[in-house]
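Novice: sequence first, predicted coordinates after that:
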Amino acid sequence: MAEITYRDALNQALAEEMERDDQVFLMGEEVALYSGAYKVSQGLLQKFGEKRVIDAPITEAGFVGLGIGAAHVGMKPVIEVMTYNFAILALDQIINNAAKLRYMSDGQYSVPMVLRGPGGAGGSLGAQHSQALEQQFVHIPGLKVVMPATPHDAKGLLKAAIRDPDPVMFIESEKLYNVKGEVPEGEYLLPIGRAEVKKEGSDVTIITWSRMLTAAVLPAVERLEAEEGISCEVVDAMTLRPLDYDTLVNSIRKTNRCVIVEEAWPQASVGSWISHEMQKRAFDYLDAPIGHVHQEDVPMPYAFNLEEAALPSPAKVVEAVKKVCYAD
Amino acid sequence: MASKTQSKKSSGGKTPKSAAGGHEIKTHATAHGKARAAQYTSDDESVPIGRPPVRLEEERLIEIHRQMLLCRRFEERTAQMYQMRKIQGFCHLYIGQEAVAVGSVAALEKQDYIFQTYRDHAHALIRGISAREVMAELFGKKTGCSGGKGGSMHMYKAETGMMGGNGIVGGHVPLATGVAFKSAYNDLPEVTICYMGEAAVNQGVFHECLNMASLWNLPIIYIVENNLYGMGTAVHRASAEDQLYKRTEGAYRIPGVRCDGMDVLEVYAEVKAAADRARNDRRPTFIEAITYRYRGHSMSDPATSYRNKAEVQHWQERDPIARLQAQYPKLFTEEMVKAADEKIKEEVQDAIKFADESDFPGPEALYTNVYVDCQGYPKKQD
């Protein structure tokens, strides 16, 4: 198995799917000649030509909407937003068209489009470019939201997202692009809508997704197991809508404790929704209130020390886990 | 506050009683004190209007006349059904504007697409959705063209190329542009018409899409149905350049033309030329069709605070159906029109009966067609 970066895993997925289906095209700001702001589309222009790898003007509502329009007459657009912070310029198109055309037409159309780009903090990018906005999309019936944490998952899920008949918000992470991981040779797809137990354990379930898995949760688990003797089970939600409730609940039934770790703000967040669902579905199994680690409830500051203070960290996860284990 | 005065434009354009010739125009003094008139005149020589109305064979004229009359009678009954609360929610009537939809759709071919705003009943009827299916949709019945889940603003029938109304001003413009992108990408001889009200030209996505359509040579026609008011706001109170057709050539290299939207054959001629250009040369066109809605913006708007009776009457004298009849008096005899009208009224009555007798969608429909495939979701929350 080869070790490749998250970026190259995405690139392979795009190249393979474009090879497979000529109705797949990639459109976004700087995706062609510049090879993508984060170089995810490196080499695709040379391979597939400018008809299929298209530099769009800086006009998010326009080209996201164009993708939705092309999708609902049978194409398979992959629309790149330079960051998900810019996707909010296209929220009307996403919420009112992508998510609703199928329902409003009672099934006459579908919107097999992927909207992909990085979300969350990238490192000292300031308040407008450092937002984990997945809740905006998870809230909307008609959308699917996928947030892979590893190169392996990024490739398998992006391929599945491109073939999926519904609109998929595929949220990557700038800080993950350079992260390496094992990716199998040859084709594979991962199912959308499945969570995965990334590490088994017996004392507490930690539910997380995207960058928080490697940036906060796994380092914390290492410390908790070595220093506190607390055995942690780590569940990566991977898809936030539709959410794989069964996998989450089954883990809590085993460990009787739960901490949710997310990069977003706490109010009306995906984590707070999961927390609600878990207490509803596993109330009798819980031995402590569900813990929640999240970004501090402030816009992201620029100063390096303040940004670090705002984000979830291994230390914050350790603290939350000890609390639900009554070991604090 | 700016004062309003009335001024009189001279009539005498090449088309007597054209959409714009000779009506009273409200002038509006701007903040800079500069008087500005909304000049919807076809006798203004600076306006590149005047593609002569085409001559069509009798059979087609009869069909065009039938379609306009169908839209008119259908919506008159729609208003009645609304008063009876058979139809609820937002409901926007197209009465008065029929020539724009009918003349433009007549210039299209079977494989082409149309996108309309929320004022979409007429477009649905003309593009091949039956009166029964449109009325049933208005009644919220499962036999409606959108299964009762769309409503007045969301009439769809994929196989006819009627790609819906849309509830957001300008919200459908990117969708239409995306369909034209599909046609160009796959080298298909398809044309897309994207209609919009004149207020939509101030939305950001309108400009974003015209830019892309020109940049990428998309086969699309943007038609502004300029009925002079965005809800109750007159065009010159909303658009700094209120000669809308002038806004696209300089900014996007898309030729802008204006036509008399009360003359179905003039609309046809203009759209046919634009469709040929789209199909053969892959270039977009912008058409501003001057028209007028006789009714309010929606059923809740009595349309009294922002316009007066004289103005409405002025436009009613230029009624598109009466005008076509007057243009071909030998064809549209009193007897012929009466017979056609009777038949249409029966069709509309049948549609109402069908809608009334149809069932509402069953409770199971609540959770269908949210997704194509979602691993068993959506399902009712347990």
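Specialist: The structure has been received and is ready for your questions.

Novice: got the contact list for stretch A:119-127?
Specialist: Here stretch A:119-127 makes contact (Cβ atoms under 8 Å, 6 or more residues apart in numbering or on different chains) with A:83-85, A:129-134, A:147, A:171-175, A:210-211, A:263, A:299-302, A:304, A:307, A:311. Where C-beta positions appear, they are placed from N, C-alpha and C, glycine not excepted.

Novice: give me the domain ranges for chain A.
Specialist: Under the assignment automatic domain parsing, the domains of chain A span A:2-183, A:196-324.

Novice: out of those domains, the one nearest B:Ile321 is which?
Specialist: Among the domains of chain A, the nearest to B:Ile321 by Cβ to Cβ is domain A:2-183 (30.7 Å).

Novice: and the end-to-end length of the closest one?
Specialist: This stretch, domain A:2-183, spans 6 Å end to end (Cα to Cα, to the nearest Å).

Novice: any idea of the mean pLDDT for it?
Specialist: Mean pLDDT, domain A:2-183: 97.

Novice: which stretches of chain A form helices?
Specialist: Ranges of helices within chain A are A:6-20, A:44-48, A:60-71, A:84-87, A:91-92, A:101-104, A:134-138, A:151-163, A:212, A:218-223, A:245-255, A:270-282, A:304-310, A:314-324, based on DSSP state H.

Novice: now the fifth one: how far from the chain's centre is it?
Specialist: On the basis of Cα atoms, centre = their mean, to the nearest Å, helix A:91-92 sits 19 Å off its chain's mean C-alpha point.

Novice: checking the one residue in the stretch 1-150 of chain B that gets nearest to chain A next. Helix, strand or coil?
Specialist: Chain A sits closest to B:Gly147 of the stretch 1-150 of chain B, with a gap of 3.0 Å, by Cβ to the nearest Cβ. State at B:Gly147, reduced to three classes by DSSP: H, G, I helix; E, B strand; the rest coil: coil.

Novice: if I look at the residue nearest to it when sequence neighbours are not counted, how far off is A:Asn11?
Specialist: Nearest non-adjacent residue to B:Gly147, counting by Cβ to Cβ, 6 or more residues apart in numbering or on different chains: A:Asp106, 3.0 Å away. Separation of A:Asp106 from A:Asn11 (Cβ to Cβ, to the nearest Å): 38 Å.

Novice: same check, this time on A:Ile274
Specialist: As judged by Cβ to Cβ, A:Ile274 and A:Asn11 stand 31 Å apart.

Novice: close to chain B: what parts of the stretch 201-328 of chain A are there?
Specialist: A:Pro242 (Cβ under 8 Å from any Cβ of the partner chain).

Novice: residue of the stretch 201-328 of chain A closest to chain B, please.
Specialist: For the stretch 201-328 of chain A, Cβ to the nearest Cβ, closest residue to chain B: A:Pro242, 4.1 Å.

Novice: quick one: that residue from B:Asp373, how far?
Specialist: The value you get for A:Pro242 to B:Asp373, if Cβ to Cβ is used, is 10 Å.

Novice: what about the two, which has more around it?
Specialist: Neighbours were counted for A:Pro242 and for B:Asp373 using other Cβ atoms under 10 Å in any protein chain shown; A:Pro242 has more, 20 against 13.

Novice: thought B:Val370 was touching the more buried one, still the case?
Specialist: No. In this structure A:Pro242 lies outside contact range of B:Val370 using Cβ atoms under 8 Å: 10.2 Å.

Novice: tell me where chain B has strands.
Specialist: Taking DSSP state E, the strands of chain B run over residues B:4-8, B:24-29, B:35-37, B:113-115, B:192-197, B:220-226, B:229-230, B:233-234, B:256-260, B:285-290.

Novice: which stretch in those has the least confidence?
Specialist: Taking the mean pLDDT of the strands of chain B, strand B:35-37 comes last: a mean of 32.

Novice: closest to B:Ile95 out of the domains of chain A?
Specialist: domain A:2-183 (24.5 Å).

Novice: residue closest to the middle of chain A?
Specialist: A:Met147 (1.6 Å; Cα atoms, centre = their mean).

Novice: which residues does B:Glu208 contact?
Specialist: A:Pro57, A:Thr59, A:Ala61, A:Gly62, A:Phe63, B:Pro174 are the contacts of B:Glu208 under Cβ under 8 Å, 6+ apart.
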